[in-house]
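>>> next come a sequence and a model predicted from it.
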Amino acid sequence: MIPVSLVVLTSLLYFGVLFGVAFYADHQRKRGRSVIDNAAVYSLSLAVYCTSWTFYGSVGRAATTGIDFLTIYLGPTLIAFSWWFLLRKIVRISKEQNIVSIADFISSRYGKSSALGAIVTIFAVLGIMPYIALQLKAVARTFDLLVYPFATTGTTHILPKFDLHFDSALVVAMILGLFGVLFGARHLDASERHEGLVAAIALESVVKIVAFVAAGIFVTYGLFDGFGNIFTEFLTRFPEREHLLRLGSAENSYAHWLSMTIISMMAVMFLPRQFHIMVIENCREEHIRSAMWRFPAYMLIINLFVIPIALGGLLLNHGSTLNADFFVITLPLQYGQPWLALLVFIGGFSASAGMVMVSSVALSTMILNHLLMPIILKVHTKSQNLSRLLINLKRLGIIAVIFLGYLYYRLLGESAALVNIGLISFVAATQFAPAVIGGLYWRQATRRGATIGLTLGFIVWFYTLLIPTFVQSGWMSASIVEQGLWGLTILKPTELFGLSGFDLWTHSLFWTMFVNLGSYLAISLLTKPCEAELDQIRKFVDVYNPLPITTERTRITRAPTVIEFVDLMAKFIGKKQAHASISTYLGDSEIDEKGSLSEVELPKLKRFTELTLAGSVGAAPARIIIDKYLSARGSHMEDVFDLFGSVNISRTASREQLGVLYEAAHTVASGNDLQSILDEILKIFTDQFKFDLCVIRILDEERQTLTVRSQRGMTSEHFGESERDLTADTFIGETYLTNNVSVVNDSDFISKPKTAAIIHREKILSFAHAPIAVEGQPIGVLSAFSRTAKGIFTSEFVELFTSLASQVGVAWRNAQQTDRLITAREQQRELAIAKDIQLGLLPIKVPDFPGVRLGGLCIPAKEVGGDYYDYLIHEDGRLDLVIADVSGHNVGAALIMAETRTLIRSRSDKFTKPHELLRELNQFFYDDLTRAELFITLFYLQYQAGTREISFASAGHSPTLLWQARNRQCLRLDPEGLIIGVKEEFTYEQESLTLEDGDVLLLYTDGVIEAENESHELFGEKRLIELLSEKHQLAPQELIDYIVEQVRIFSGHHNFQDDVSLVVMQVTQQ
Amino acid sequence: MKMERKLPLTDAWVIWFLLGVVMINYPFLHIFNKNVLVFGIPLTILYFFIGWPVSIFVIYLFSIYLGHDSARDSSNNDQQSGSDEETP
């Protein structure tokens, strides 16, 4: 007998310690360190499997039915052997898919099915609630035993001091509820990890094993003389009970043994609390390796003393099995070890508390995600901040689950139902096994298979286990068990379809697995996985063989920006969580948070958002949320057409975009004027992509600003300030200066104030500028603006945009080249005209003049040189020869030569003296020549037929050569004279000579002597003199031809640099 | 490559697992299910409380081997993933 106050105090103290440990662990987690991140803690946390049923129930069972309790622990040991493959795969998948409960796992594997999640949740709650009741009962009873050891029933107490009735179980329920809320539902963590809870559980496991082993040692070595002693004594005193120590009896048949083993193997993994602590709370896969042997070792040690205590209790209680469950606490009490009893109480309390806390958190998560979320999503169609609602629902769920367990316990009272409840829950957990294990390894497993298998399994479970226990506790009439449903013996719950001769558990296990596994296999084979499932199958079955990263196969139209995704997340998990998640995600990739996303990243971001939400609300609700959100925006997923492996745009989009480029190219090549081309390009672009505004700006060389050459959609106000300087103040300027594209996908985030003002005034949401470049140098900027949507300028679209800008560049360059071509052609026309004029000035034929033979030739060069020569015959027997060369190669020069000829022809009669003529020419042409910046060189020679006298003057022209027959020598006729057009007034020198028979005069222009050969040698006067000396006897035309040929041979070209003109006069014998 | 190296281990694992199943069930149990006391302890119980630690020890050994295996695999995978990164 221990005072109530002491027990209460110790309990509260212990709770305080638990709270402290939990709080410390959570606190450390916030600071980034993890107290529970080690293998020992993980293994200890798994020991939550050992509930008060281990503590008390095992002993009771050992004392009444024998060693079959061992199966509860041998089974888990056997399956622990498989954990490195089985459990590790489950953990890997769950971490990757952000799975938070077993219902989530099953629902997620089978295509994120809401229905399946709901079914699993309902069954889990039905199956586990009684188990919670069992725990609360154990605490209440042991509390009573400590305080009133002689009481057999009764759970209400009177606290003397306060004169209150209280039910210890209720108090425990409340405190556990508080603990669960504090450490299991602090916030909607996107991963459902609760470090504080796990730390507390681990501590409880330590206390449990210490307490039990202490009690065991006390009984075995304190009250008896060791193991051998107990067995020997027992068998001596109760030989008829030796069956307790063996198998094979009716109650302990081998079938029963096998069934229990199988059931335990499944339960240790698929009970919701086990799944939660084993999978969800797992920190590292590595820990599984050591848990594989540590956990069985724990179970071994804690079970070492069960049989001794049971037998010892029987021995000491004269074989009475009354309250055999609680031998472990009554023996110390009875034999003077109250502190040990208190320790045992605390140990048993730990066992119960652990189970209740973890189960309530796990179940509450499942209820929220799979039962409540679908309803919430249907009701709350407007977007609101749901995170507060959700976390409060979670907390409510935890408390509700515990209190339902408490109610169950109160209602069922002391009925025998509770004793078996543990195994009933185990069989319930076994129903999840096919769906989970099949889902892990079998691709063909489908949602329908799992759904029907589970449902049928649970129906049979209910019928074969729950109904018999209801009958046993008196809730239902016994007729159904005795005679079967509707009086059909074949439907007897304990002998279904005539399968008799088996214990309750084997029978139930057989039938539930038969229908569950059977329909699961059959229906999965008959049905095909749907679209959503296929994806999940790959993620689950092939989790160890991830596919290589392929190019994205889908894109989202009208996709949300990063900020919008974050806002969506915040609605469900709170702003802080959402921002933390997105920073971690963005840290890995190169997305600009300010709205610029590439098409490839968007589907990834959508998946990330869905995954994050799944951590808080479950996979199926998360998918619904995302789908609803996207469809509300008008976004949807599109298949991607992989064009040439390098451009990823959708099938329809690629046609659009290529079409635009094609039409633009077509326009550019059309040969229209530049303005039409620019306008047409913009029209094509805006028509196709519905931009509100498009502008082409080209650099104005003079003013060094970018001015608008073509635009669509500009308001006049905008147009008025449309010029852009070449500074980085504006995006346009920056684009030009850096020769790089500028993209702003979200006009809320503009860094340049000047641009921001205009953009916001014009209500533009997103825009982009691309440099228009010709041969790599920017000459302008192409701009596109949208008033309707953000995020249009994905990197693929920007590529198109840049291509279009280069088309504009091509158009511009073509226009430039065309201009140049036209100018060149005009120049050529001019030259052609000049040549025509010039050639028209020359004499058509050689005139006859007594006493002389004449010849003349002018060969125009490619570039017009403007030579001119003439023969003028006067009535008084005078022959004038003139040869002239004008600088300048254009029509103007040619016209001046024409004028010169006209003047000479009209005036030569009047002026008998060459130098006078030259003077007049000089005066006349001075102004014109000066204005045109031209010169004329000219040689004028007069020949008097009677006297054979020549008089001549030169205006800077090459000296005329005279071959004198008498001396056989060449004379240079080079009177002084200034080039015409240099000075306004000039007096020219004149010389005279008399010619004789055989004399040859050669007049020429400098094209002859300035002909170059390859070595840049000039033909020169000397060679000409030589030629004249050699061939003076040739007829004039022949002589000329000969000279021309020699010059051609000398220069190596057929064509001459400058015009070549020659005039020859040969004096013949009279 | 990972599967190849694990195969011998997986084979061994399967053998031990099946052995475990067999040894805690009917045919084998029956051998030890005799009403005999050894060192004062009933044979059946002794069978379990010796067999159980032995099994745990076997699991322990496996966990060691698995540890070496996964360490080797993870270093191989690092090499593999390294070379994967090189290929464009």
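The structure has been received and is ready for your questions. What you see is a predicted model, and the numbers here were worked out from it, not measured in a lab. Residues are numbered from 1 along each chain as shown, chains lettered A, B, ... in the order given.

>>> what's the pLDDT at residue A:1009?
You'll see residue A:1009 listed with a pLDDT of 88.

>>> check the gap between it and chain B for me.
Distance of residue A:1009 to chain B, computed by CB to the nearest CB, to the nearest Å: 70 Å. All C-beta spots, glycine's among them, are computed from the backbone N, C-alpha and C.

>>> also residue A:666?
Note on residue A:666: its distance to chain B, by CB to the nearest CB, is 36 Å.

>>> that residue in helix, strand or coil?
helix (DSSP: H, G, I helix; E, B strand; the rest coil).

>>> what backbone torsions are found at the residue in chain B that chain A sits nearest to?
Nearest residue of chain B to chain A (CB to the nearest CB) works out as residue B:40 at 2.5 Å. Residue B:40 adopts backbone torsions of phi 80, psi 0, taken as degrees, to the nearest 10.

>>> what's the burial count for the closest residue to it other than its chain neighbours?
Of all residues not flanking residue B:40 in the chain, residue A:228 sits nearest, at 2.5 Å (CB to CB, 6 or more residues apart in numbering or on different chains). When neighbours are defined as other CB atoms under 10 Å in any protein chain shown, residue A:228 has 14 of them.

>>> what packs against the host helix or strand of residue A:228?
Using DSSP states H and E, the element containing residue A:228 is helix A:227-237. Using 3 or more CB pairs under 8 Å, 6 or more residues apart in numbering or on different chains; DSSP states H and E, the elements in contact with helix A:227-237 are helix A:306-316, strand B:37-38, strand B:41-42.

>>> hmm, try it at 7 Å
The contact analysis (3 or more CB pairs under 7 Å, 6 or more residues apart in numbering or on different chains; DSSP states H and E) places helix A:227-237 against helix A:306-316, strand B:41-42.

>>> paired strands for the shortest one, with orientation please.
What that stands for is strand B:41-42. Note on strand B:41-42: by DSSP bridges, its sheet partners are strand B:37-38 (antiparallel).

>>> got the residues of chain B near chain A?
Proximity of chain B to chain A is confined to B:16-17, B:20-21, B:24-26, B:29, B:33, B:35, B:37, B:39-42, B:44-45, B:48, B:52-53, B:55-56, B:59-60, B:63, B:66-67 under the rule CB under 7 Å from any CB of the partner chain.

>>> which ChimeraX command selects the buried ones in those residues?
Buried subset of those, written as a ChimeraX selection, criterion 16 or more other CB atoms under 10 Å in any protein chain shown:
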select /B:16,20,21,24,29,33,37,40,41,42,44,45,48,52,55,56,59,60,63,66
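
>>> narrow the residues of chain B next to chain A to those in strands?
Among the residues of chain B next to chain A, the members found in strands (DSSP state E) are B:37, B:41-42.

>>> most packed of the helices and strands packed on helix A:227-237?
Most buried of those, by mean neighbour count (mean count of other CB atoms under 10 Å in any protein chain shown): helix A:306-316, with a mean of 25.

>>> outside of it, which residues touch it?
For helix A:306-316, the surrounding residues in contact (CB atoms under 7 Å, 6 or more residues apart in numbering or on different chains) are A:58-59, A:62-63, A:67, A:69, A:215-216, A:219-220, A:223-224, A:227, A:230, A:233-234, A:237, A:324, A:327-328, A:331, B:45.

>>> could you do stretch A:844-856 as well?
Stretch A:844-856 is contacted by residues A:843, A:869, A:871, A:873, A:879, A:945, A:1035-1037, A:1039-1040, A:1062-1068, A:1070 when judged by CB under 7 Å, 6+ apart.

>>> list the buried residues of that stretch.
Of the residues in stretch A:844-856, A:846, A:849, A:851-856 count as buried by neighbour count, 16+ other CB under 10 Å.

>>> same check, this time on stretch A:501-516
By neighbour count on 16+ other CB under 10 Å, the buried set for stretch A:501-516 is A:502-516.

>>> give me the subset of those lying in strands.
Among the buried residues of stretch A:501-516, no member falls in strands (DSSP E).

>>> roughly how far does the residue of chain A found nearest chain B sit from residue A:315?
Closest to chain B within chain A is residue A:228: 2.5 Å, counting by CB to the nearest CB. As defined by CB to CB, to the nearest Å, residue A:228 lies at a distance of 14 Å from residue A:315.

>>> next one: residue A:59
13 Å.

>>> show me where pLDDT drops low in the stretch 851-1000 of chain A?
A:862-865, A:889 (pLDDT under 70).

>>> show me where it has its helices.
Assigned by DSSP state H, counting those that start in this stretch, the stretch 851-1000 of chain A shows helices spanning A:891-907, A:914-932.

>>> okay if I get those as JSON lines plus distance to residue A:293 and mean neighbour count?
Shown next, in JSON lines, are the helices of the stretch 851-1000 of chain A (distance: least, CB to CB, whole Å; neighbours: other CB atoms under 10 Å in any protein chain shown):
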{"stretch": "helix A:891-907", "distance to residue A:293": "109", "mean neighbour count": "18"}
{"stretch": "helix A:914-932", "distance to residue A:293": "111", "mean neighbour count": "19"}
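
>>> JSON lines for the ones you listed, including distance to chain B?
Shown next, in JSON lines, are the helices of the stretch 851-1000 of chain A (distance: least, CB to the nearest CB, whole Å):
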{"stretch": "helix A:891-907", "distance to chain B": "65"}
{"stretch": "helix A:914-932", "distance to chain B": "68"}
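
>>> wait, doesn't residue A:257 sit right on residue A:68?
Yes: counting by CB atoms under 7 Å, residue A:257 touches residue A:68, with 6.2 Å between them.

>>> below-threshold pLDDT in chain B: ranges please.
B:1-7, B:70, B:73-88.

>>> check the stretch 701-850 of chain A too.
A:720.

>>> ranges for the strands of it?
Per DSSP state E, counting those that start in this stretch, the stretch 701-850 of chain A has strands spanning A:705-712, A:724-725, A:742-744, A:766-774, A:777-786. These are given in chain order.

>>> mean neighbour count added to those, as CSV?
Compiled in CSV, these are given as follows (neighbours: other CB atoms under 10 Å in any protein chain shown):
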stretch, mean neighbour count
strand A:705-712, 18
strand A:724-725, 20
strand A:742-744, 23
strand A:766-774, 24
strand A:777-786, 23
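
>>> show me what from the stretch 201-350 of chain A comes close to chain B.
Residues of the stretch 201-350 of chain A found near chain B (CB under 7 Å from any CB) are A:227-229, A:231-232, A:242, A:245-248, A:254, A:258, A:261, A:289-290, A:292-293, A:296-297, A:300, A:307.

>>> what sits against the residue nearest to residue B:40?
Residue A:228 makes contact with B:39-41 under the criterion CB under 7 Å, 6+ apart.

>>> ditto for residue A:1007
Residues near residue A:1007 by CB under 7 Å, 6+ apart: A:861, A:865, A:1056, A:1058-1061.

>>> from those residues, list just the buried residues.
Among the contacts of residue A:1007, those classed as buried by 16+ other CB under 10 Å are A:861, A:865, A:1056, A:1058-1061.

>>> among the residues you listed, which ones are in strands?
A:1060-1061.

>>> in the buried ones among the contacts of residue A:1007, which has the lowest confidence score?
For those, the weakest pLDDT value sits at residue A:865, with 61.
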